[in-house]
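Novice: Provided below are the primary sequence and the corresponding predicted coordinates.
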Amino acid sequence: MAGLRAGTRSDTVRRARLSRLLALVLRHRPEKVGLTLDVGGFAPLEAVTQGLASQPGWESITTADLIAVAEADRRRYEVRDGRIRARYGHTVSVEEPGEPATPPEWLYYGTSRAAISELQTAGLRPGARQYVHLSTTPGEAREVGRRHTNDPVVVVVFARRAAEAGVTFRRAGPALYLTEGVPPESLLIPEETPAAQSSEATA
């Protein structure tokens, strides 16, 4: 197959498939294609290209294709000095997800209504991932939440207050912060009624 091109529907679909495969490899299963990530989650672009080319249907993939995918989604991927990594979402051990940073006054987290009760008692926890992912705008958090539910709720995180209380935040991208957890007292959790949820989420 030829490399990815811009403009046609088939290539748009193929680019989205490549992005999902790249995320799988760089976040969860680098060994699937014979890769070893460094402590920051990076792998050489050429090695990633060769690894993905070993997968059925991707034999003709090029380094330029990977760079194009990364450039189109800079929130998710980073290319630096001939290497590529996923910025967040890892289940494999990554020691450097981003530099510790002072967060803005508020950050936002998109989730399902079913998760509200647990947030009220346990706060935000990363679950199977290494870090909780927080957005800088309610709209972005709502879009992230829609990956898991059709009716997401947006929780406000009093990030500056949490940082002053000792919670570490890392900036993983222009609109993304990571943290190992946020206690419930640093969260503004919408009420469980639909009307209240809608009001809080758009505040």
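Specialist: Thanks, I have the structure now.

Novice: Quick one: neighbours of the residue nearest to Leu119 when sequence neighbours are not counted, just the number.
Specialist: Spatial nearest neighbour of Leu119, chain neighbours left out: Ile189 (5.5 Å); criterion: CB to CB, 6 or more residues apart in numbering. C-betas here are computed from N, CA, C, even on glycine. Around Ile189 sit 19 other residues, with neighbours defined as other CB atoms under 10 Å.

Novice: and Ile189, what does it touch?
Specialist: 116, 119-120, 155 (CB atoms under 8 Å, 6 or more residues apart in numbering).

Novice: Now it. Its backbone dihedrals?
Specialist: Backbone geometry at Ile189, expressed as degrees, to the nearest 10, gives phi -100, psi 120.

Novice: Scan this structure for its longest helix.
Specialist: Ranked by residue count and defined by DSSP state H, the top helix of the chain is helix 9-23.

Novice: Sketch out the low-pLDDT regions of this structure for me.
Specialist: With pLDDT under 70 as the threshold, the chain has low-confidence stretches at 1-9, 94-98, 192-203.

Novice: In a strand, Leu178, correct?
Specialist: Yes: with the criterion set as DSSP: H, G, I helix; E, B strand; the rest coil, the secondary structure at Leu178 is a strand.

Novice: measure the nearest residue to it once chain neighbours are set aside to Arg170 for me?
Specialist: Counting by CB to CB, 6+ apart, Leu178 lies nearest to Tyr131, which is 3.9 Å off, once chain neighbours are set aside. Remark: distance between Tyr131 and Arg170 (CB to CB, to the nearest Å) = 7 Å.

Novice: again with Ala122
Specialist: 21 Å.
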